[in-house]
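Engineer: Fold the following.
(one chain, ligands or ions: 1)
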Amino acid sequence: MSLQFQGITKRYGKTVALDALTLDVAPQSFTVLCGPPQSGKSTLFRILVGLEKPDAGQILLSGRDIVGDPPAERPIGYVPQNFALYPHQTVAQNMAYPLTLARFPKDEIAARVDRTAGILSITHLLAKTPDQLSGGEKQRVAVARGLLKDAQIFVLDDPLVGLDYKLRERLMDELKSLREELNATFLYATSDSLEALTMAQRLAVLDQGRVIQDGEVTAVYHQPSQARSLDLIGFPNANLYPGSVADGTVTAGPLRHPAAGLEEGSAVIAGIRPEHVRLNPEGDTAGTMQARVTLVENLGGEAVVYLDLDGHSLTSAIPLFDRAPPEFDSTVGVRIDPADILLFDGTSGQRLAGSR
Ligand SMILES: Nc1ncnc2c1ncn2[C@@H]1O[C@H](COP(=O)(O)OP(=O)(O)OP(=O)(O)O)[C@@H](O)[C@H]1O
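Structural biologist: Numbers count the residues shown, from 1 in each chain. Just a heads-up that it's a prediction; the model follows:
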């Protein structure tokens, strides 16, 4: 089932929550909408499921505009961000609630509750009440309730927020398998770019109520179409510096790049991902730039090394399989291949042709 948002605008007083947002959601994809807090993710989802009306724009489901359709008639399952379970009802009753409301036959409801509970491994919880559940179990029940509907599109609004890392990882895997099992379209919102990269087949980057880039996840990661997309997607955060062109060279923070074709004096933004900032083995500072180590985060398999290079902050991510992380306050040799530097127009932020 195809889903297209066309020019969706939503204002709350002077706040523009969605600004002519346009996005084609690939059928049967796991599409993640990733954007910082307040970028409009929840608003878009509430409009999609019919809890709010847009001020302008269309939502085309298999080519038909559904903006005027009542929520119950939209074939869309929804896991809201702030789910509330009814405290005096059992898990089974909580899950069944939307179907009870829609007057589904009792045996059909029971069959669906059983099936979905089985998929999400919560069958043993069905007779319990919410106060007997852990936070993670409650979240699982909320997800199950959203997935109970017989729909081809499911919308999950930051469903793993607040869970501990292990539980999140497990639920991430389960949700991916679930999408395959249901062969449905999953539209999933998060402000955590690592979660987005882990989950997404397709990634839409949302900023200030607009989709600024979307596509296959690795393409978005490796070929950011604008500086903001590089800034928002990736962990640790990419290094970005304003700069300019002089004497045929782009100079931006500690980065240097041939200006090939760029106008002298023009403003440029240059960026590089931390994994492309390479550090020499300990003690080897020959033939490279020197930087001082200001902080080291040892993550086990890799380290995030924060550096000061001629007064510029620079982040490096290095694998640790054959080396130890550098010492705090030591001097290290830094190697940057200009081919790894991404260049963007200093005014529009759009990617400039010719870099990478
Ligand atoms: N009911 C409302 N009344 C007034 N302003 C609202 C309302 N709902 C959303 N907004 C505003 O719209 C903007 C987008 O909010 P939204 O909740 O959609 O963002 P979000 O990306 O989901 O954020 P988060 O990641 O924090 O959940 C924000 O500036 C928010 O304050």
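Engineer: Only the buried residues of the helix ranked longest in the chain, if you could.
Structural biologist: Identified as the longest helix of the chain according to DSSP state H is helix 165-182. By 16 or more other CB atoms under 10 Å, the buried positions in helix 165-182 come out as Leu167, Arg168, Leu171, Met172, Glu174, Leu175, Lys176, Leu178, Arg179, Leu182. All C-beta atoms are positioned from the backbone trio N, CA, C, and that covers glycine.
Engineer: Same check on stretch 73-85?
Structural biologist: Using 16+ other CB under 10 Å as the test for burial, stretch 73-85 gives Arg74, Ile76, Gly77, Tyr78, Val79, Pro80, Phe83, Leu85.
Engineer: The fourth one pairs with what?
Structural biologist: Yep, that's Tyr78 we're talking about. Note on Tyr78: beta-bridge partners Val155, judged by DSSP bridges.
Engineer: pLDDT wise, what is it at?
Structural biologist: Per-residue pLDDT puts Tyr78 at 91.
Engineer: That one contacts Phe45, correct?
Structural biologist: Yes - Tyr78 lies in contact with Phe45 (CB atoms under 8 Å); the separation is 7.2 Å.
Engineer: Overlap in contacts, these two.
Structural biologist: Shared contacts of Tyr78 and Phe45, defined by CB atoms under 8 Å, 6 or more residues apart in numbering, comprise Val155, Asp157.
Engineer: At the contact with the ligand, which residues of the stretch 101-250 of the chain appear?
Structural biologist: For the stretch 101-250 of the chain, the residues in contact with the ligand (CB under 6 Å from any ligand atom) are Ser191.
Engineer: what ranges do the helices span in the stretch 101-250 of the chain?
Structural biologist: Ranges of helices in the stretch 101-250 of the chain, per DSSP state H, counting those that start in this stretch, are 106-119, 135-147, 165-182, 193-199, 217-222, 227-232.
Engineer: Same list (the ones you listed) but as a markdown table, adding mean pLDDT.
Structural biologist: Listed next are the helices of the stretch 101-250 of the chain as a markdown table, based on pLDDT from 0 to 100:
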| stretch | mean pLDDT |
| --- | --- |
| helix 106-119 | 90 |
| helix 135-147 | 86 |
| helix 165-182 | 86 |
| helix 193-199 | 92 |
| helix 217-222 | 96 |
| helix 227-232 | 97 |
